[in-house]
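Visitor: Fold the following, please.
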Amino acid sequence: MSVTIDGVMLYDTLLLDQTAWDLVLDANGNIAMASPPYSLAQDVASAVRTFLGEVWYSTVIGIPYWQEILGKLPPAALLTEIINQTALTVPGVVAVQTFVQSFSERNVGGQIQFVDASSVTTIINF
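Guide: Below is the predicted model:
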């Protein structure tokens, strides 16, 4: 099932536990579903956490962490642009701004601020 908000089709998103990033059950024992606006934030977070080649049905989805980022230390501006472009692939996201706050050989941390089709700004920390 999907929902349309301001002319943008948003798809069902399974609710993930924020710590374990695993499925959550609802009160009836069914797999819980996330709903807007949280579902969009979770979809952006999932897109940015996906490594290039990790998605078996489309190996072109994801960020090239192993290929271009981790252990390579590219310029922060390049990393920011890669994250922004990846977040913009999520249906319903119309603008993105990323702030990298920490960057070492194996860890990246910061904040993503995105605007959805309803002009709502949401902040995600990573």
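
Visitor: Against P75, how distant is F51?
Guide: F51 sits 20 Å away from P75, going by CB to CB, to the nearest Å. Bear in mind the C-beta positions are built from the backbone N, C-alpha and C, glycine included.

Visitor: which of the two has more neighbours?
Guide: Using other CB atoms under 10 Å as the criterion, F51 and P75 rank with F51 on top: 15 against 9.

Visitor: Assess the claim that the more buried one and Q67 are in contact.
Guide: No - F51 is beyond contact range of Q67, at 9.1 Å (criterion: CB atoms under 8 Å).

Visitor: anything in contact with each of the two?
Guide: The overlap between the contact sets of F51 and Q67 (CB atoms under 8 Å, 6 or more residues apart in numbering) is empty.

Visitor: which SSE is T122 in?
Guide: When elements are assigned from DSSP states H and E, T122 belongs to strand 121-125.

Visitor: and that strand, what's its mean pLDDT?
Guide: Here strand 121-125 scores 95 as its mean pLDDT.

Visitor: neighbouring strands for that strand, and are they parallel or not?
Guide: Sheet pairing for strand 121-125, assigned by DSSP bridges, gives strand 108-116 (antiparallel).

Visitor: mean confidence for the partner strand?
Guide: Averaging pLDDT along strand 108-116 gives 94.

Visitor: Go ahead and name everything in contact with that strand.
Guide: By CB under 8 Å, 6+ apart, strand 108-116 touches 5, 8, 37, 40-41, 44-45, 48, 69-70, 79, 83, 87, 92-103, 121-126.

Visitor: I83 should be in a helix, yeah?
Guide: Yes - counting by DSSP: H, G, I helix; E, B strand; the rest coil, I83 is located in a helix.

Visitor: In three-state terms, label the nearest residue to it once chain neighbours are set aside for me.
Guide: Distances taken as CB to CB, 6 or more residues apart in numbering place T98 nearest to I83, at 4.5 Å, with adjacent residues excluded. Of the three states, T98 takes strand under three-state DSSP.

Visitor: Quick one, grab the pLDDT at the residue nearest to L25 when sequence neighbours are not counted.
Guide: In this structure, L25 finds its nearest non-sequential neighbour in A32, 6.1 Å apart by CB to CB, 6+ apart. pLDDT, A32: 96.

Visitor: Cheers, nothing more for now.
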